[in-house]
Each structure stands twice: as structure tokens, then as C-alpha cells.
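# Next one to model:
(3 chains)
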Amino acid sequence: MKKSIFALLFIVVFAVSATAVYAEAEPYHVGCIFAVTGKASWLGEPERNTAQMVADQINANGGINGHKIVLHIEDTQGENTRAVNAFKKLIKKHNVCAIIGPSRSGTSLAVVPIAEKEQVPLLSCAAAAKITSPPEERRWVFKMGQNDSDAVRKIYDHMTVNKISKVGIITGTTGFGAAGREQLKALSEGYGIEIVADETYSPGATDMTAQLISIRNSGAQAVINWSIVPAQSIVPKNMKQLRIELPLYQSHGFANIKYAEAAGEAAEGSIFPAGRIMAAKSVPADHPQKTVLMDYKAAYESTFNDHVSTFGGHAYDGMHLVANALKKVGNDPAKIRDELEQSRFVGIGGIFEFSPTDHCGLDKTAFEMLTVKDGKFVVLDD
Amino acid sequence: MQGRDTAGLIALILAVVAIPLVIRNDYYLGVLIFTAFNCLTCIGLCLLMGYAGQISLGHGAFVAIGAYASGILTTTLGWSPWAAMGAGIIIVSVVAAIVGVPTLRLKGHYLAMATLGFASIIHILAVATVDLTGGPSGLLNIPRISIFGHQLNSDMQYFYFSWAVVAIGLYVAFNLINSRVGRGLRALHGSEEAAASLGVNITAHKIQVFILSAVYAAISGSMYAYYVNYIDPGPFGVMHSVLLVTMVAVGGMHNIWGAFTGAVLLSLLPEFLSSATDYLQLMGIAYQPDYDILVYGAILLLIMLFLPEGVFDGLGKAVRAGRRMIRR
Amino acid sequence: MSHSGLTDIIQFMVMGVQRGAIYAMVAMGFNIIYNATGIINFAQGEFVVLGGLAMVTLTMALNLSLPVAFILTVVAVTVVGILMERLTINPVGQPTVLRLIIITIAVSILLKGAAMCIWGKGSHYMHHFTDAAPIEFLGAIILPQTLWIIGILLCVVIGLVVFFNYTMIGKCIRACAINRDAARLAGINDRKMVMLSFALSAGIGAIAGIIITPIIQMDYARGALLGLKGFGAAVLGGLGNSMGAVVAGLLLGILEAFGAGYISSHYMDAMALLILLVVLFIKPSGIFGSSEAMRLKEF
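Numbers count the residues shown, from 1 in each chain, chains lettered A, B, ... in the order given. Below is the predicted model of the structure:
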């Protein structure tokens, strides 16, 4: 009897100390820099929410090999100077092993030199191709956002099928819009598409009538609207008001249901490439992304009482890529980098296949052509 | 240079030498480097605002021109950073002269609007001339600057470099103030008519100071480009110009040290707030980083409400009051 | 459907007037406070934002009828304007103009932050006042909302003219603007007039926000840009001159629309500014400003 009590006590003490050791496993510090406030806050907010949600989920399930994730989230306010400061703060003050973000292309490019110098993996949530190319100068930089060149290819493919050869483009004057404009021009020749009108608008624009009239007068057969700011929903509205009945193509920057809501009826029937998260419900059940899409959508929408967006999806992919790497190789930045470079991951943005020459890991199959039907995003079937 | 200013400058140099010995963290050094850029611009702006009595809501544009001249000449044409900085200074001087001649005839709010308009035009050009400036995607791979063949790679080296430039900027400013030109300027601030009647060439003086203050801004922009190695139009918007004037006014525009204090204060405040957030959250206070903007606005408001001549003057009064208390 | 050059010209005119009407209203708000205090209120754009956002909440979330929501919004923003004056402008003893301006900048940061915390960071939209089909006029398309904007601008202008010329309070405010000391000697409470001018200016800002939101969507960060454009219009028209502000505001809007239509959308915003600068260089006190009035209020 006495012996068995002793044994029991022994077991209890052992178990307690074991859990104590287990729980005391050093936490993994992961950094995030998003434009939580300021001019790009509609990107940064879902990203911050998602990152925090994923970290909470991982920690609730016991962390990574017993290590909790401690998330350090810094706000760039969408500004380069703040981004540089925040990036250094994460590396030097919080000793993070990897950084997810920034939200915007400009802020991402501003911190790329530091990521390379300090040798910390950076998983940018922005889109511009320059962020990860040339690959030999971007050893430490990865990108969650799909390439704008692939979005352009998707649109031009669709146009070729529908025999559209003259287009008018209208792009926003932000990093996203400018990069899109560049790609639209660069790839048009290969598809035999002629850009007959090239218009822009600033993020604060309130009315694009003048630009659209120029496009109409140029004899374009379709309009491509390329922007990521809320102002872009004015384009379909103005088109409808002016009774310009040309097909409207938009960029993956339109993939935010609020933009479709803001444009109302005018957005009906417009076509745009987007990650599958925007039409998660109409993705076929046997698609490899289906489960992860539906899980993320359900979790985000129930936690934050808000619609999912592609942007939050980038943070989701970044967090899980880092978590997977941490699980395999621990928190050494160099090992995480090497692990990321050979990762294959089914995420929200698509099926990532990284390689030493491709730090984006996505191609045009990450996109699905969507359209707006009855105020909802659905997969375009034709 | 007056004795007190010399003492201040020496104290600043000692502090600059000492800081990296105490703070070895690149994050804090980086914050202080950006602070140095703002200080430099604000010293120049203070010469214009506090001494020549002219407002400029367009100095962000000169910072931008300095930065873009350095960025474009080094990356596209392969110039050395120093040559590009020199060219930037020349370009800014010419632009300032061209803009200054008609603009400085304006007064008060009209001058403010004209300079603001100029700043927006430069910002729009930076966005729209994609072939030259890279447009919203910006300019990548701007080189680092070298001194005597030694490239400034670490933050500590750049810290010493940028604060040395600030010290030189202060030295030049103090010498100017106490020169014949400086006395003319002060007369100008008091009453333009009186100054003119005493033979001060108002127009020439105003334009000279405008150009000089633009050059300060240009150097600051150029150093920004070499430090961050990437520029896009973002940091040079109209609101940055407004922020610069706010820095000078918060610190106290009638004294170079005031402008200096304002620049330091408002450059450090956002970083301070973002660090304070961590501590508040650790203490279990449900403080959201989103509230930073409210705290920032409130601090700015309180300073302007209770310290009419700016923080620097307020500090001076506090010190004097403290001394009186001790003597009693 | 063929489109003649004339149709385009009319279309650009319509769009220009729609833009310009908002600039004009913001500029009038600037002028009212400028006349009473000699300062430029950098928080003017925030009044517009607050008006728009409050209207969105009242109509879209609380489903109030348009007139009720309209009045409630204007009252609420007016109260914000009064509070701003009582708490931040009135307590300052002997202000310099620059100090007051920085105070208004601080207030604008606070209001922007408050709007962000209350309404979030997304952009908000609301339905047009009347959901009628666009009207066709010589081939150009006019939205009913544009007519609302122009109509309300006219009402505001007429209302202000009547108020400043035919009511005692209006005359008192004008007296203060012309000569504060003399007005005080005549028994006018000048401090109260300053408060009134803030109330009025906030109210007009709110109206501008309400009528523009159906067209542009509103978010918390729009204030600065609206304020800058309005400031441009106020200066172009001659500071303190309300009729000048209306003409200049419309002119700026039309210039922008034609610039974007015929020259280049890339440089659209720069062009209006360039013309503004040229006008200032030729006539340093704006189109309708008198150099005498300008001398009264300097830094």
C-alpha cells in the first residue's frame, strides 16, 4: 500500500515536472508588420486579425513541438520609414526568427535591403513581382501575394478566347496599380492585344468619368480596371452611369466583397482573376484547396464578424508556412529560410511550390476567373 | 556664434559620441538616424520660418528632389553618391530660386497655399513620371554612401555620419544668424518696411534663406535615400511638409534649438507610443495600437495649448522656475 | 450611339461642376472661420468626413429617413465644431496665427483618429438620395445626385447670403471680421461670434459630406485631401470672399475634369494646382481678393 502510494506520488511528481519542463520550452518569436492603421489599413487589418487568430489557434493546440508562438505585431501605417523602424524593432528588440508582411509593395521593397542584410526570412503579403526578383538578390524574401503578371495572363487568356484585341486600361497610382500597368503593357504584345487608352487615377479620386470617356472614344473593346484602393469601385459605377457597355475586367485587387457592395449593381458581370478564397463556396469539393478555404472562411468570419479577404489569406499562408518550418527545423532563421525555399504548401492564395529561383511559388493556376452575380463573387463558368 | 549655442553644440556632439556606446541596438540607432534627417530639414525650415518670417508648406518637396536626384543619378546613371548629392543640392537650389522668386512675393496663407501647391505638384510628378522616378513602384538598389573609400554599412557608422551632418548644419545656421545676413533677417521678421528703409535688401534676403533652407532639406532627402536604399513617392507627400512645419512650431520656431527639439520630439513620439503599447498590454490594459493616433493628436494639442512658444521655451521656463525654487 | 465632341464637353462640365461644388462648400467653411479668426482651420476636411460617416450610419444602419438623418447629422457635426472652438480655440489667450493653425492640425488628427476608432478603416457607401435613372441632356448623362449637390449648394449659398446680410447675428459676425476691436466697442461679443463661425463652418462641412458620400464613398482618411482642395479654392477665390470661393471651387472642379479628359489623367491634379499657382503669381490675393483685406490678417 505504502509502496503504491509512493509510486503514485512519484508518477505525479514526474508528470508535473515533465509538463513544467514541457511548458517552459522557450517560445518562438514571430514578427508581423502590417499597415494596421493609415492609408492602407483595409489591407493591414484583416492581416493582423488573421495572424493573431492563427497564432492563438496554434497555441491553443499546444504550440509547435511544445513551443508557444509569441507574435509581435508592428504597425507600419503604410509608411516606408515606419516600416523600416518596425522591421528593425522586430529583429533587434524582439529577436524574431521570421517576419510576415508588410502589406504594401512599397513598404515591402523598403525593408527588402534590411532583410537581406540582417538575414531574416521575410514573407511579404504584397503583390509586386520586384519583391522577389531577381532571385539571387532576394535570398531571404518570399512573397504570399500572387504575381500580377499571372493575373494579367489570366485576363489576356480570357480576352483571347472572347476575341477582344483592343483594350483601354485604367489603373490606380499606387504601387499595386503601377505594377499592374507595367505588366499589362509588357504582356500585351505577346497576346496580340493593343492598349488603345492608358488612363490613371489617384487613390483619393472621386470620379473617373473623364478617363472613361477617353477610353470610350479610343475604340476599346473592353476596359481593364487595375487598383487595390476603394476608389476602384467608382469605375464600374461611372461606366454604368455613362452607359458604356463594354466588358469590364478588374484586377485581383477587386477581390474584396466590400468593393462589390460599394459598386452595387454596376459591378454585376465584371470579370476578374482572384484567389479561390473569394468564392470558396463555389470551389469544387474535390479541389485540394477546398478544405483549407472553408476552414479559414468559417474561422475568420465567426471570430471577427467580417468577410474574409485575400489579404487576410496572405497572412494565413505566411503564418502557416513559418509554423511548418518551425516545426521541422526550429527557430534558426537560416534553417527556416532553407526550409521555406523547398516548401510545398496548400494555402489560401493557392498551392505554393517554392524553389531557389521562385520565391513566390504560385503561377496563374492560383487564380480563378470570378464574376459578380447577385452581389456575390462566383466562379465564372464558360 | 553665441556662447550658449556653442555650449549646446558641444553638448550635442558629446551626446552623439556617447549614445552608440550606451545603445548598441540597431533599432534605436535607426530611429535616431531618421530623427537626424528630420532635424536637418527642420533647422533649415526654422531659418526660414523663425528668422525670415516666411512659412513654407512645401519643404517635403525639396526633401523629395534631394532624394530622387540621389536615387536617379546613382542608379540610372551610375554616379557616385557624393556627386549625386552635390547635383541634388544644385538642382534644389535652382528649383528653389525659380519657385522662390514669384512665391515669396506672397504673404501669409497665400504663401502657405502656394508652397503647398508646389509640394503637391512635385509629389504628383514623382508618381506620374514613371520612366524617370519609377513611379509608385519606386527606385530600388540605391547604393550606400562611402567616406574616404569606406562604405557606411552599419547603422552605427550611419548614425555618426548623419548626426555629424546635423552638427555641421547647426554650426552653419548659428553662424548665419549672427552674421550681417542674420541681423538683416531678424529685422525683416520684425517689420519688412522698416528693414527695407534701413537698406536691407528684403527680396534678395528672403530668397537666399529660402534656397539655403531648401538645401538643408535636399541634403536630408539625399541621406534618406542612401540610408533606406529605396525610395518611392510615399514619404514625400504633402502631409510630410505639414508635419515638418508642425515640428518646427511645436519645438518653438524662434530658436534653432526649438526647431531641433520639435523634430526630435515628433520623430521619437510614434516609436515611443508603439513601445508603450507593448507595456500597457503586458500590464493587462486593453490598449489598441489604433489609439496611438488619438494619443499623438492629444499630445500635440496639449503642447500647443499650454506651451505657446513651443516645447524648448517651455523647458527653459521650467528649468528657470526650478532654479528659483531651489534658491529659495 | 455616337458621341460628338460637344457631348463630351457637356459631360466634363457636369462632372466638373459636381466636383467643384464640394470644393466650393469646403472653401466656404474655410472662409467663415477665416473671417472670424484669421486662421485656416485644417480640421475643415474632417467635418466633411464626419458628416458623411454619420449620415451613412443614420441612413444605412439605423434606417432613418433622409431628412431626419440629414438634420441630425448637421446638428451633431455642428456640436463637434462648437466643442472644438470652446475647448481648443477659445482657451488660447493671445494666439499667434501659426499656433492656432497647428492647434487645428492637432484637432484634425484627433477627429481623424476618433472617426477611425468609431467607423473602422473601411470605406462606407450609402444610396443616392433619389434612386431615379440618370437624365440625358444633349447626349451627356446627369445623375440625379449631381442635381441634388448643385441644388443644395445653391441653397447653402443663398442661406449664407441672407444670414450675413439680413440677420443681426450675421451682421455681427461680419462686423467682427472687418474690425474686431470696433465690433467689441459696439457691444458685440466677439468670442461668441468666433464660436458661431465654427458652428456654421462645421455645419456646412457636414452638409458637403452628406451630399458627396453617395457618389464617392466615405472613409476616415479622406479629410486631408478634401481640405487641401477646399483650401486651394478658398485661396484662388480670395480668402474671406465667399462668392469668390464658390466661383473658384467650381472653376477648380471644371479645370480638373477637362484636364483629365483632354490632356492627361496622369497629371490631372497637378494641372489645377499649376493654374492656381499662376493665378497667385499674377494676382497675389486670389481672383476676387483685395490686397487691402489681405494685409489685415498676416502671420
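
# Ends of stretch B:190-204, what's the gap?
17 Å (CA to CA, to the nearest Å).

# what about it, average pLDDT?
For stretch B:190-204, the mean per-residue pLDDT is 76.

# How about stretch B:241-261?
93.

# now it, how far from the chain's geometric center?
9 Å (CA atoms, centre = their mean, to the nearest Å).

# if you look at it, does any of it touch chain C?
Yes: legend: contact between stretch B:241-261 and chain C by CB under 8 Å from any CB of the partner chain is shown at B:242, B:245-246, B:249-250, B:253. (Glycine included, C-beta is placed from N, CA and C.)

# Repeat that for stretch B:317-328.
No: figure legend: stretch B:317-328 not in contact with chain C (CB under 8 Å from any CB); closest approach 15.5 Å.

# What residues sit buried inside that stretch?
By neighbour count on 16 or more other CB atoms under 10 Å in any protein chain shown, the buried set for stretch B:317-328 is empty.

# quick revisit: want to throw the residues of stretch B:241-261 next to chain C into TSV with distance to A:Ala325?
Formatted as TSV, the residues of stretch B:241-261 next to chain C follow (distance: CB to CB, whole Å):
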residue	distance to A:Ala325
B:Val242	43
B:Val245	47
B:Thr246	44
B:Ala249	49
B:Val250	45
B:Met253	52
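
# C:Pro284: neighbour count?
18 (other CB atoms under 10 Å in any protein chain shown).

# check contacts around the residue most central in space within chain B.
Taking CA atoms, centre = their mean, the centroid of chain B lies closest to B:Thr41, which sits 2.2 Å from it. Contacts for B:Thr41 (CB atoms under 8 Å, 6 or more residues apart in numbering or on different chains) come out as B:59, B:63, B:216-217, B:220, B:244, B:263.

# cool, A:Gln342 as well?
So A:Gln342 contacts A:354-355 (CB under 8 Å, 6+ apart).

# next one: A:Val379
A:279, A:282-283, A:368-370.

# Which residues are in contact with C:Val88?
Quick fix: residue C:88 is Thr, not Val. B:301, B:305, C:103-104, C:106-107.

# Relative to chain A, which of the residues you listed is nearest.
C:Ala106 (17.3 Å; CB to the nearest CB).

# any idea which of the contacts of C:Thr88 is closest to B:Ala194?
C:Ile103 (30.1 Å; CB to CB).

# For burial, what's the neighbour tally of the closest residue to the closest one other than its chain neighbours?
Nearest residue to C:Ile103 in three dimensions, chain neighbours excluded: B:Met304, at 4.8 Å (CB to CB, 6 or more residues apart in numbering or on different chains). By the criterion of other CB under 10 Å, B:Met304 has 27 neighbours.

# B:Met304: which element?
helix B:292-306 (DSSP states H and E).

# After that helix, which helix or strand is next? Please name it.
Where DSSP H and E defines the elements, the next helix or strand beyond helix B:292-306 is helix B:311-327.

# what's the pLDDT at whatever residue of the stretch 1-150 of chain A ends up closest to chain C?
Nearest residue of the stretch 1-150 of chain A to chain C: A:Ser41, at 3.7 Å (CB to the nearest CB). You'll see A:Ser41 listed with a pLDDT of 83.

# Backbone torsions only: list them for the residue nearest to it when sequence neighbours are not counted.
Leaving aside its sequence neighbours, A:Ser41 sits nearest to C:Lys121 (CB to CB, 6+ apart; 3.7 Å). Per-residue torsions, C:Lys121: phi -100, psi -10 (degrees, to the nearest 10).

# and C:Lys121, what is it in contact with?
C:Lys121 touches A:37, A:41-42, A:45, C:219-220, counting by CB under 8 Å, 6+ apart.

# Dump these to JSON lines, plus secondary structure.
Listed next are the contacts of C:Lys121 as JSON lines, based on DSSP: H, G, I helix; E, B strand; the rest coil:
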{"residue": "A:Thr37", "secondary structure": "coil"}
{"residue": "A:Ser41", "secondary structure": "helix"}
{"residue": "A:Trp42", "secondary structure": "helix"}
{"residue": "A:Glu45", "secondary structure": "helix"}
{"residue": "C:Asp219", "secondary structure": "coil"}
{"residue": "C:Tyr220", "secondary structure": "helix"}
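
# out of the residues of stretch B:241-261 next to chain C, who's nearest chain A?
B:Val242 (14.3 Å).
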